[in-house]
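**Q** predicted model, plus sequence, below.
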Amino acid sequence: MHIAVAGNIGSGKTTLTDLLSAHYNWEAQYEDVDENPYLNDFYEDMKRWSFNLQVYFLNSRFKQVIDIRNSGKTIIQDRTIYEDAHIFAPNLHAMGLMATRDYENYFRLFKLMSTLIDAPDLLIYLRATVPTLVNQIQKRGREYENTIRIDYLTRLNERYEAWISSYKLGKLLIINVNELDFKERRNDLSNIIERVDAELHGLF
């Protein structure tokens, strides 16, 4: 079974992936951030490195999905291949940070890859306002995220909401994280687990 956690930068995807993985004894797969050779350069010069970064993520997540389906295990994935294609790449193109020919090339590649993979059995979307995202980003203190702009997060949030409103590929659980602290407050995590259990019950 394939569970995926989706959400904007700073929404708590990795933290929730950790916690659900531990609770259910699922194997976790994470975003390839630390090993990504383009990320620092991208945040310094988005226009120069946007295409390189998105192709790197596309390739990385395509391999993840193939490996998940071939593993025979229940795996929870931090971020999906669909977010790259429906949110990050088109946002960069719309902001003038990715050339049209690069974006069209990228999206053709995604469309081909998407015919070869299955969607997650359950998608968990973490909904957060921009102030919540900014607060979380500042708390974790990743150096390469210091230059992320408010307007960039805002545009991403708008695209996330548009994508989620039309998501029909499988089961979807939306969690509003603005008032939650599932890392520190046990009740918050318990409530999320109850909701996940309710969604998963229909999968068997």
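**A** Right, received. Where do you want to start?
**Q** hang on, residue 48 in a helix?
**A** Yes. Assessed with DSSP: H, G, I helix; E, B strand; the rest coil, residue 48 lies in a helix.
**Q** leaving out sequence neighbours, find the closest residue to it.
**A** Sequence neighbours aside, residue 41 is the residue nearest to residue 48 in space, at 7.3 Å (criterion: Cβ to Cβ, 6 or more residues apart in numbering). (Glycine included, C-beta is placed from N, CA and C.)
**Q** by contact count, what packs against the helix or strand harbouring the one you found?
**A** Using DSSP states H and E, residue 41 sits within helix 39-44. Packing contacts for helix 39-44, counted by 3 or more Cβ pairs under 8 Å, 6 or more residues apart in numbering; DSSP states H and E, involve helix 46-71.
**Q** any idea of the mean pLDDT for the helix it packs on?
**A** Across helix 46-71, pLDDT averages out at 93.
**Q** give me the buried positions along it.
**A** Within helix 46-71, the residues scored as buried using 16 or more other Cβ atoms under 10 Å are 46, 49-51, 53-58, 61-62, 64-65, 68.
**Q** any idea of the mean pLDDT for the next helix or strand after it?
**A** As assigned by DSSP H and E, the chain's next helix or strand after helix 46-71 is strand 75-78. Across strand 75-78, the average pLDDT comes to 95.
**Q** helices and strands around strand 75-78, which ones?
**A** strand 2-7, helix 13-24, strand 27-29, helix 46-71.
**Q** coming back round to it: pLDDT wise, what is the residue nearest to residue 48 at?
**A** On the pLDDT scale, residue 41 gets 89.
**Q** could you check how far the most centrally placed residue in the chain is from residue 28?
**A** Centroid check for the chain by Cα atoms, centre = their mean gives residue 79 as the closest residue, at 2.7 Å. As judged by Cβ to Cβ, to the nearest Å, residue 79 and residue 28 stand 12 Å apart.
**Q** quick one: terminal-to-terminal distance for stretch 36-54?
**A** 11 Å (Cα to Cα, to the nearest Å).
**Q** the closest residue to the residue nearest to the centre of the chain other than its chain neighbours: what secondary structure?
**A** Counting by Cβ to Cβ, 6+ apart, residue 79 lies nearest to residue 31, which is 5.1 Å off, once chain neighbours are set aside. When classified by three-state DSSP, residue 31 comes out as coil.
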